[in-house]
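**Q** predicted model and sequence below, questions to follow.
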Number of protein chains: 2
Amino acid sequence: MESFSQRLHEIQKRKQSLLCIGLDVDPRKAPEKFRNSPAGLLEFNRKIIEATSDLVCAYKPNLAFYEALGECGWKLLHETLKYIPRTVLTIGDGKRNDIGNTAERYATSLFDDFGFDAVTINPYMGFDSVEPFLQRTDRGVFLLALTSNAGSKDFQRLKVGATPLYLKVVKKAVKWNTHDNVGLVVGATHPTELRAVRRIAKSLPILIPGVGAQGGDLASAVQNGCARTGDLAIINISRSVLYASTEENFADAARAEAIKVRDSIRSILSK
Amino acid sequence: MESFSQRLHEIQKRKQSLLCIGLDVDPRKAPEKFRNSPAGLLEFNRKIIEATSDLVCAYKPNLAFYEALGECGWKLLHETLKYIPRTVLTIGDGKRNDIGNTAERYATSLFDDFGFDAVTINPYMGFDSVEPFLQRTDRGVFLLALTSNAGSKDFQRLKVGATPLYLKVVKKAVKWNTHDNVGLVVGATHPTELRAVRRIAKSLPILIPGVGAQGGDLASAVQNGCARTGDLAIINISRSVLYASTEENFADAARAEAIKVRDSIRSILSK
């Protein structure tokens, strides 16, 4: 059986795309005609997916945006996932984590109920809290290493001996990667550190948020994030694609923006 | 307006109880007649709540157990919360965390949609990821410090200079407690470390899981976890109360077990 990393690599190669779109539905930002009902938001998501699914290697819905809508948000996420073609990976961005028997319940929710191909996991609670996800050998597990926000300095950058904590996480991730299904999350807002992570995690997928609205630079994210052996950097863009326009033409505008980013990445890679 | 800590302290004083019941619904463990439908599980929760609400200071549903049931689990949690009297605090145990604008969505979900009085939060992403919760000054925010599981050694116990990471979290928690609404999570499986946490976090509520099924000792949890100024230790018990019996008498058995633990805590405190 193909491993998660192999599957990602193949999709990226076939589509020549490292682009991931963050499906962070937000009624406050969606075009007016869609924002007032769950059915409208589903329609919005469907149109975004139809306009962009040939351009991306993955979609990454952040669960917070769905949960904030209450019960109907949970349903909206289930319905949205049905529109995503199987040729595109789905990453459930919930940053979940808990003790073993509870983490196993989250794995059931994310991998079986939602059917995500991969998830993001907060590593703070250690191995036995990550293991129930790792054991799903056909699914990907992206551990938060160095996140894109300012607060990443509070704990992630603290030095344990000579090594910052986030590199301790990276080293564990490499060690835990016995099924070729572990990845990392590193914000594009930390280009130098991203390079350091890639030096240690030579062949792990790295999910890179923070380009665009958060100020990360695309070129350095691509250059520092890609593996020698293949690409395996996943560049996530959310707001600038989803809300490229709030007019009637929002889907075309999202497509145009997605093409622009995908092609910028291609051009950076070809240099 | 009363702060979260004051409210907790008052409830603990009035009920003379530090007991919290973890409402971790599990169809594999519930009595047979309730396990096969969401309505059955709701009925199970309702009967547990009716049998124990006069004995506890808080209920703590772990969201993983509800999410694992899919869409109907989300609804089950909403419905369950309606049965909890306002004289008992509700702690949404989801260990959520994300960057600021996303964390704010989780705060909306947990505090507004579900209406939890408090939540558990994973601190790994730092201040701006915790701030949206802290800003809800009438609600409690329990930061994971040293969790009850074996994996807590992987990162939480790493030494930053002379200080283990979990104490760095504790120190930040004290600093961030400007609204008297910050608490900590420390597993009963680490009695010595719990004492060290209490020395630093003199007046913060500490939620203490891990007594019972996970092997933590009740007496040392109570002795080391309580504050000099009042109690503020919350002793969480899940499985041993919820599934005290799988027979017809499960609610009575749960009540008996809850009384036993509550009274053991009282007796430890009176020594």
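**A** That came through fine. Numbering: from 1, shown residues only, chains lettered A, B, ... in the order given.

**Q** pLDDT weak spots in the stretch 51-200 of chain A?
**A** Applying pLDDT under 70 to the stretch 51-200 of chain A flags no residue at all.

**Q** what about the helices in the stretch 51-200 of chain A?
**A** Assigned by DSSP state H, counting those that start in this stretch, the helices in the stretch 51-200 of chain A fall at A:63-67, A:71-82, A:100-107, A:127-134, A:165-175, A:191-200.

**Q** show me what contacts whichever residue of the stretch 1-150 of chain A sits closest to chain B?
**A** Closest contact between the stretch 1-150 of chain A and chain B, by Cβ to the nearest Cβ, is at A:G126 (2.4 Å). Quick note: C-beta positions are derived from backbone N, CA and C, even for glycine. Residues in contact with A:G126 (Cβ atoms under 8 Å, 6 or more residues apart in numbering or on different chains) are B:147, B:149-156.

**Q** what about 7 Å?
**A** By Cβ atoms under 7 Å, 6 or more residues apart in numbering or on different chains, A:G126 lies in contact with B:149, B:151-155.

**Q** same check on A:I99?
**A** Each residue near A:I99 by Cβ under 7 Å, 6+ apart is listed here: A:125, A:128-129, B:147-149.

**Q** for the closest residue to A:A219 other than its chain neighbours, helix, strand, or coil?
**A** In space, and not counting its chain neighbours, A:A219 is closest to A:I268: 5.2 Å by Cβ to Cβ, 6 or more residues apart in numbering or on different chains. The three-state label given to A:I268 by DSSP: H, G, I helix; E, B strand; the rest coil is helix.

**Q** hang on, isn't A:I268 packed against A:A221?
**A** No: between A:I268 and A:A221 there is no contact under Cβ atoms under 7 Å: 8.9 Å.

**Q** more crowded one of these two?
**A** Under the criterion of other Cβ atoms under 10 Å in any protein chain shown, the comparison of A:I268 against A:A221 puts A:A221 first, with 28 against 17.

**Q** my guess is the more buried one is in a strand, correct?
**A** No: counting by three-state DSSP, A:A221 is not found in a strand; it is helix.

**Q** in chain A, what residue sits furthest out from the centroid?
**A** Centroid-distance maximum for chain A: A:G161 at 30.5 Å, with Cα atoms, centre = their mean.

**Q** quick one: A:P85 from A:S53, how far?
**A** Counting by Cβ to Cβ, to the nearest Å, the gap from A:P85 to A:S53 is 5 Å.

**Q** give me the more crowded residue out of those two.
**A** Using other Cβ under 10 Å as the criterion, A:P85 and A:S53 rank with A:S53 on top: 17 against 10.

**Q** in contact with that one: list those residues for me.
**A** Residues in contact with A:S53 (Cβ under 7 Å, 6+ apart) are A:84-85, A:88.

**Q** any idea how far A:I21 is from it?
**A** Distance of A:S53 to A:I21, computed by Cβ to Cβ: 9 Å.

**Q** over to A:K172?
**A** Distance from A:K172 to A:I21, by Cβ to Cβ: 29 Å.

**Q** about what we covered before: list the beta-bridge partners for the closest residue to the residue farthest from the centre of chain A other than its chain neighbours.
**A** Distances taken as Cβ to Cβ, 6+ apart place B:K159 nearest to A:G161, at 7.8 Å, with adjacent residues excluded. Counting by DSSP bridges, B:K159 is bridged to B:P164.

**Q** quick check: residues of the stretch 151-271 of chain A near chain B?
**A** The stretch 151-271 of chain A has residues A:151-156, A:158-160, A:165, A:168-169, A:172 near chain B, with proximity defined as Cβ under 7 Å from any Cβ of the partner chain.

**Q** swap the cut-off to 10 Å and go again
**A** Residues of the stretch 151-271 of chain A lying near chain B by Cβ under 10 Å from any Cβ of the partner chain: A:151-161, A:163-166, A:168-169, A:172, A:176, A:187, A:209-210, A:213-214, A:238-239.

**Q** can you tell me which of these are buried?
**A** The neighbour count (16 or more other Cβ atoms under 10 Å in any protein chain shown) marks A:151-152, A:154-156, A:158, A:160, A:164-166, A:168-169, A:172, A:176, A:187, A:209-210, A:214, A:238 as buried among those.

**Q** buried residues of stretch A:235-254, list them for me.
**A** A:235-238, A:240-244, A:250-251, A:253-254.

**Q** what about those residues, which are in helices?
**A** Within the buried residues of stretch A:235-254, residues falling in helices by DSSP state H are A:240-242, A:250-251, A:253-254.
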